[in-house]
Each structure stands twice: as C-alpha cells, then as structure tokens.
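Asks: Next comes the sequence, and after it the predicted model I'd like to discuss.
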Amino acid sequence: MLCVCRVRAQRPESSAGGRVSVPFPSRAFSEWTRKDLDGLIADPPATESARLDFKADCVLLSEDKEAKEKARRDILVDVASLANGIGGALLIGVREGPRKGAPPCAVKIHGVQQPERLKQAIESLVATYLDVRPAALEYHTIPYEDDRSVLAVLVPANTYGLSMVTYNGVHQFRIRRGTDNRPMTADEIEYRFGQFAKLHDSAESELRRIRTRLETGTGIRIIWFAGVPLGRSRDHVPVDLQRIRGVLEKSSYFAAYPQRQRSSTITPRVFAPHLSPSLRGVKLARHHGGMATLELQRDGVFVFARKRENLKPKGEGPTAAPLSLWMVYECLASGLHAFADIQREFGIGGASVVQSGLYGASRAPIRRGSQLDLLLEDRPLREGERLHLDPVMLGDEWDPKAVFLDWALQFANALELEEPIALPPWVDQPRT
C-alpha cells in the first residue's frame with residue numbers, strides 16, 4: 001500500500017531514556033518550513049528510525065566519479081531498503097551524528113543545491129537499477145537558506161514484490177531494520193514472497209465473491225467490472241461523498257476518449273450523484289432502479305456493473321433486448337479509468353487485480369444494431385453463460401487503455417469470432 005509519510009512538525013519530547021525519534025504522522029512534509037527543519041536539531045535532537053533516514057548530501061551530481069559512484073549505490077540501497085521494509089522517508093540535506101546509547105541523530109541542516117536535478121537523478125536510478133520498482137516516490141522540497149533546501153523523498157512500502165538492487169554486477173535484496181540497511185536472508189525473502197502470494201490470493205477470492213454476488217437473478221444481463229487492491233486497508237477511502245463524486249465526475253475516461261464527453265450514458269459518472277453511505281463505504285442508492293451497481297469500499301475495492309432487462313413483446317414468448325458492444329466497451333473502459341482515478345486520489349498503491357465480464361441470462365443476444373454499427377455477427381449469449389475476461393495483475397503504473405484493448409480482443413475469442421471484434425470509432429487505436 002502507499003505509505004503516506006508524515007512527520008510531527010514541533011520538536012519531539014524526549015522519552016525517559018532520552019531517545020527521541022520523529023514519529024509518523026502528524027504534519028505532511030509538503031507543509032514543512034525552515035522552522036520544522038530547525039526543530040530536528042533542537043535539544044534533544046530527532047533520531048533516525050526504521051522509517052526515517054537522514055543524509056547530509058547526495059552527491060549524484062558531483063564531478064568526482066568515485067564520490068558519485070558511491071552516492072549512486074547508497075541511494076539505491078536506501079530506497080530499496082525502505083521499500084522492502086515498512087516504507088518511510090529520506091531527508092537529504094540533514095547531517096546525522098552518533099549519540100551514545102541511541103540511534104544516529106540530526107546534528108546540522110546542511111541542505112542541498114539543485115533539488116530538482118537531484119530528484120530527476122534519483123528517479124532515473126530507481127527506474128534503471130531496481131528490479132521491481134516501488135510505488136511512485138514522492139518528493140517535497142523544503143527551503144532552508146539562500147540557495148539550499150532539504151529534499152524529502154517518501155518511499156512507500158512494497159505490497160506485491162521485493163525491490164532488488166541490480167547495480168554494477170551486484171544483485172541483492174536489502175531491507176531496513178531499525179536504522180540499518182542490511183541484506184535480506186534467504187528465509188526473509190521466502191517469507192515475504194509468501195506474504196505477497198497470500199495478498200494476491202486474497203484479492204482473487206474477493207473477485208470471486210463479487211462475481212457470485214453480481215451474477216444472480218434471472219432475466220437480467222450484467223456487464224461488470226471490479227478492481228481489488230492487493231494492499232487493502234479499511235482506512236484507505238474516507239466516506240466523503242463530495243470528494244468521491246468529484247473523482248468520478250472528472251474521470252480520466254473522458255480525457256482518454258474525448259468523443260465520449262457528452263454522449264456517455266453508462267459510466268460511473270452518470271450514477272455518481274446517487275451514491276450514499278453504506279456499511280462498507282459508499283454505494284449506489286437503492287432507489288435508483290436496481291439497473292446498475294456502483295460501490296467504492298473503504299478498503300479501496302471498486303465495483304461497477306450495468307444491468308439490462310429482457311423484453312417481452314406482445315404476443316411472443318420471452319425474448320431479450322439486443323445488448324450492443326458499445327455498452328460492453330463503455331462499461332469496461334470507464335470502469336478501468338475510474339478505478340485508476342480512485343487509486344491516485346486516495347493514495348492507494350497501484351498493485352491490484354482487476355477483472356471484468358458478462359453474465360447472460362435467458363438468451364441475451366449481442367448483435368448488430370448498435371448506433372455505432374459495430375458490424376458484429378449475431379451470436380447468442382446462452383442462458384446462464386458467463387464470459388469472464390482474464391484477471392489482470394497490475395503494478396504501480398498501469399494504463400487503463402492498454403488493459404481495455406487487451407480485453408476487447410479476448411471478447412473475440414470468447415464469442416468464437418474469426419476476426420477480432422471491431423473497436424468503436426471513439427477508440428483511437430489500430431484494430432489489431
């Protein structure tokens with residue numbers, strides 16, 4: 001999960017043993033000023049911890065090749081160790097010193113020059129030399145004096161894999177324990193990967209529960225999408241209706257597909273005004289007619305489904321209204337974008353599993369007749385038939401559009417078509 005690292009702004013009080021550490025949370029680094037930095041070195045000074053590391057400087061921009069090489073190794077080890085541990089923050093520009101009987105403590109605010117260039121250098125290193133990158137790092141520049149600032153680098157804890165340092169022939173897993181960054185043992189590595197497997201299995205189980213709950217009843221067809229974060233936490237999403245509605249109403253779906261801005265009818269945005277609090281978070285109010293499902297649970301689980309009832313024309317037996325691919329595609333694509341937006345808005349780590357599908361009851365044909373003229377050959381969706389698209393394991397940086405295009409091709413196989421399903425005009429991608 002994304003670790004939002006915050007630190008108390010005022011000077012910490014000393015404990016009975018005289019040890020002082022800067023706790024999390026209280027005041028975000030984005031709100032820090034010089035006064036907060038001076039508080040680190042006041043008496044008694046703040047100490048390093050499992051989640052906080054001081055660095056006097058990070059000479060990644062140095063002309064000295066030997067110093068630069070050491071700095072590159074150090075920053076990679078620092079980031080990987082925090083990510084493989086419980087997450088935390090690097091304060092670059094704060095000099096630490098020893099303290100008898102206590103962890104290293106802050107002794108001087110040294111500051112760094114060119115924090116923006118330093119940030120870019122760290123990003124490039126992490127992208128190149130860490131096998132399994134942590135979730136996106138956060139950077140906050142805290143001005144100190146003249147042209148010097150402290151750069152706070154926030155490192156989230158890994159939730160689906162371990163970050164390995166792969167630099168100059170060295171391949172090593174490191175972890176932060178106390179104030180030390182040390183190599184992980186074989187037992188620790190095996191245990192952590194076992195934990196990640198359990199998280200993945202738990203997400204898959206949650207998806208199965210969602211499918212079972214949605215695919216009930218008769219005479220109704222359901223297009224559904226569900227996203228389940230691996231690092232679920234009940235405190236991820238506050239029950240803030242205004243904020244949640246705002247995220248759905250400004251969905252990135254409409255930036256990816258501008259043509260849908262005015263004509264969309266089956267996206268989460270359409271139903272956002274009807275959300276109300278529930279036991280698990282927020283969901284679509286019961287009075288909306290029961291033809292859609294929209295849920296956002298506090299642990300970050302997101303569910304969007306659109307239902308379509310059968311029609312019974314006069315003098316004929318039970319038949320079904322056509323279910324156009326336009327409806328199917330819009331539900332999939334808009335659900336993916338809404339889930340990505342929610343993850344960004346509420347700081348939920350990108351590691352997650354998403355799945356979508358179509359549940360057919362009492363012969364619901366998908367056929368030609370859509371306003372978009374998709375040129376799809378008739379092929380009935382048999383009673384009780386379920387088309388489950390493959391669940392997709394997502395990392396921290398994923399593209400909703402890419403997942404959607406992959407799923408569209410899966411529909412071609414599921415419907416036994418010789419050619420891939422023609423994508424609607426509003427998808428500006430080649431039909432391959």
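Replies: Now that the structure is in, tell me what you want to look at.
Asks: pull the longest helix from this protein.
Replies: Longest helix in the chain by number of residues, with DSSP state H as the criterion: helix 186-214.
Asks: so what's residue 75 up against?
Replies: 58, 60, 90, 122, 125 (CB atoms under 8 Å, 6 or more residues apart in numbering). Using the backbone N, CA and C atoms, a C-beta is placed for each residue, glycine as well.
Asks: Kindly reformat the residues you listed as TSV and extend each row with pLDDT and secondary structure.
Replies: Shown next, in TSV, are those (pLDDT from 0 to 100; DSSP: H, G, I helix; E, B strand; the rest coil):
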residue	pLDDT	secondary structure
58	81	coil
60	86	coil
90	93	strand
122	93	helix
125	92	helix
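Asks: Next, format the residues you listed as JSON lines and append distance to residue 99 and neighbour count.
Replies: Supplementary listing: the contacts of residue 75 in JSON lines, determined by distance: CB to CB, whole Å; neighbours: other CB atoms under 10 Å:
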{"residue": "58", "distance to residue 99": "23", "neighbour count": "22"}
{"residue": "60", "distance to residue 99": "28", "neighbour count": "22"}
{"residue": "90", "distance to residue 99": "20", "neighbour count": "24"}
{"residue": "122", "distance to residue 99": "28", "neighbour count": "23"}
{"residue": "125", "distance to residue 99": "30", "neighbour count": "18"}
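Asks: can you list these in JSON lines and add distance to residue 283?
Replies: JSON lines is the format used below for the contacts of residue 75 (distance: CB to CB, whole Å):
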{"residue": "58", "distance to residue 283": "47"}
{"residue": "60", "distance to residue 283": "48"}
{"residue": "90", "distance to residue 283": "40"}
{"residue": "122", "distance to residue 283": "41"}
{"residue": "125", "distance to residue 283": "43"}
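Asks: quick one: which of the residues you listed is nearest residue 191?
Replies: Distance to residue 191 across the contacts of residue 75 (CB to CB) is lowest for residue 90, with 25.7 Å.
Asks: Can you name the residues that contact the closest one?
Replies: Applying CB under 8 Å, 6+ apart, the residues near residue 90 are 53, 55, 75, 78-79, 82, 152-153, 155.
Asks: which of those residues tops the neighbour count?
Replies: residue 82 (32 neighbours; other CB atoms under 10 Å).
Asks: How far does whichever strand or helix holds residue 353 sit from its chain's centre?
Replies: Using DSSP states H and E, residue 353 maps to strand 352-359. Computed by CA atoms, centre = their mean, to the nearest Å, the chain-centroid distance of strand 352-359 equals 17 Å.
Asks: List the strands paired with that strand, with their directions.
Replies: In its sheet, strand 352-359 lies beside strand 220-229 (antiparallel), strand 386-388 (antiparallel), strand 392-394 (antiparallel), with partners assigned from DSSP bridges.
Asks: For residue 41, which non-adjacent residue is spatially closest?
Replies: Using CB to CB, 6 or more residues apart in numbering and skipping the chain neighbours, the partner closest in space to residue 41 is residue 106 (4.9 Å).
Asks: That neighbour: what secondary structure?
Replies: Using DSSP: H, G, I helix; E, B strand; the rest coil as the criterion, the local structure at residue 106 reads strand.
Asks: Next, count neighbours for it.
Replies: Residue 106 has 24 nearby residues by other CB under 10 Å.
Asks: Check residue 306 too.
Replies: Residue 306, neighbours per other CB under 10 Å, totals 25.
Asks: One more: residue 47?
Replies: 21.
Asks: now the one 3 residues further on
Replies: Using other CB under 10 Å, the number of residues around residue 50 comes to 19.
Asks: Show me where the stretch 251-400 of the chain has its helices.
Replies: 253-256, 268-271, 325-345, 400-414 (DSSP state H, counting those that start in this stretch).
Asks: Pick the most buried one from those.
Replies: helix 325-345 (a mean of 23; mean count of other CB atoms under 10 Å).
Asks: Can you give me the buried ones in the worst-scoring helix or strand of the chain on mean pLDDT?
Replies: Across the helices and strands of the chain, mean confidence by mean pLDDT, DSSP states H and E is lowest for strand 386-388: a mean of 77. Buried residues in strand 386-388, counted by 16 or more other CB atoms under 10 Å: 387-388.
Asks: which one of the strands paired with strand 352-359 is the most hemmed in?
Replies: strand 220-229 (a mean of 25).
Asks: what angle separates that one from helix 186-214?
Replies: For strand 220-229 against helix 186-214, the angle by axes from the mean of the first three to the mean of the last three CA atoms, to 10 degrees is 160 degrees.
Asks: Turn the helices of the stretch 251-400 of the chain into a markdown table, including mean pLDDT.
Replies: Formatted as a markdown table, these follow (pLDDT from 0 to 100):
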| stretch | mean pLDDT |
| --- | --- |
| helix 253-256 | 89 |
| helix 268-271 | 91 |
| helix 325-345 | 88 |
| helix 400-414 | 80 |
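Asks: between the ones you listed, which gets nearest to residue 307?
Replies: Going by CB to CB, the one of these nearest residue 307 is helix 325-345, 10.4 Å.
Asks: related to what we said a few turns ago, switch the strands paired with strand 352-359 over to TSV; also include distance to residue 48.
Replies: Listed next are the strands paired with strand 352-359 as TSV, based on distance: least, CB to CB, whole Å:
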stretch	distance to residue 48
strand 220-229	30
strand 386-388	49
strand 392-394	34
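Asks: Among the contacts of residue 90, which lie within helices?
Replies: 75, 78-79, 82.
Asks: for those residues, which one is nearest residue 117?
Replies: Nearest to residue 117 among the ones in helices among the contacts of residue 90 is residue 75, at 13.7 Å by CB to CB.
Asks: Next one, pLDDT for residue 84 please.
Replies: Here, the pLDDT recorded for residue 84 equals 91.
Asks: Check the strands paired with strand 352-359 for me: which has the lowest mean pLDDT.
Replies: Note on the strands paired with strand 352-359: lowest mean pLDDT is at strand 386-388, with a mean of 77.
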